[in-house]
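K.L.:
just coords:
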């Protein structure tokens with residue numbers, strides 16, 4: 001009886017039933033079907049990878065850190081560790097992103113940029129800083145030739 005009461009309560013307070021599809025009879029029938037279901041061997045359960053990283057409430061309290069920020073930081077370290085396994089610092093971020101997608105990995109460009117910033121890896125290693133090759137004493141044409149060389 002508690003199951004039926006909870007179902008009716010949820011439908012009444014949390015669902016838009018303005019069309020009247022979720023009637024009390026339908027809810028009662030579904031609750032009855034669930035309670036009398038016997039084919040558990042045919043059921044397949046899949047994990048959602050929820051809770052991969054857990055944090056200790058006592059540790060967070062002692063060190064004055066919120067559990068959410070601490071778990072996000074732990075997930076960041078875990079993600080960066082998995083990126084480190086395949087990331088090639090000698091290539092640009094976009095070429096690493098293309099290779100990751102070719103391998104079937106899902107990672108965003110902004111995540112790779114944050115990874116590079118966090119690990120002090122140049123985003124575009126082939127790019128020279130303008131201060132390295134620009135000479136104000138010579139003409140623009142000579143500076144462009146120097147830049148292309």
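P.N.:
Looks like it arrived, so ask away. Keep in mind that what you see is a predicted model, and the values were worked out from it rather than measured.
K.L.:
Could you list every helix and strand that the longest helix seen in the chain packs against?
P.N.:
In the chain, with assignment by DSSP state H, the single longest helix is helix 67-84. For helix 67-84, the elements it packs on are helix 57-63, helix 109-118, judged by 3 or more C-beta pairs under 8 Å, 6 or more residues apart in numbering; DSSP states H and E. Yep, even glycine has a C-beta here, placed from its N, CA and C like the rest.
K.L.:
So for that helix, what gets flagged as buried?
P.N.:
70, 71, 83 (16 or more other C-beta atoms under 10 Å).
K.L.:
Stretch 12-31 now?
P.N.:
Neighbour-count burial for stretch 12-31 [16+ other C-beta under 10 Å]: 22, 27, 31.
K.L.:
where does the protein dip in pLDDT?
P.N.:
Along the chain, segments meeting pLDDT under 70 span 1, 40, 43, 45-52, 149.
K.L.:
so which strand or helix has the most centrally placed residue in the chain?
P.N.:
Nearest residue to the geometric centre of the chain (C-alpha atoms, centre = their mean): residue 107, 8.2 Å. Assigned by DSSP states H and E, residue 107 falls within no helix or strand.
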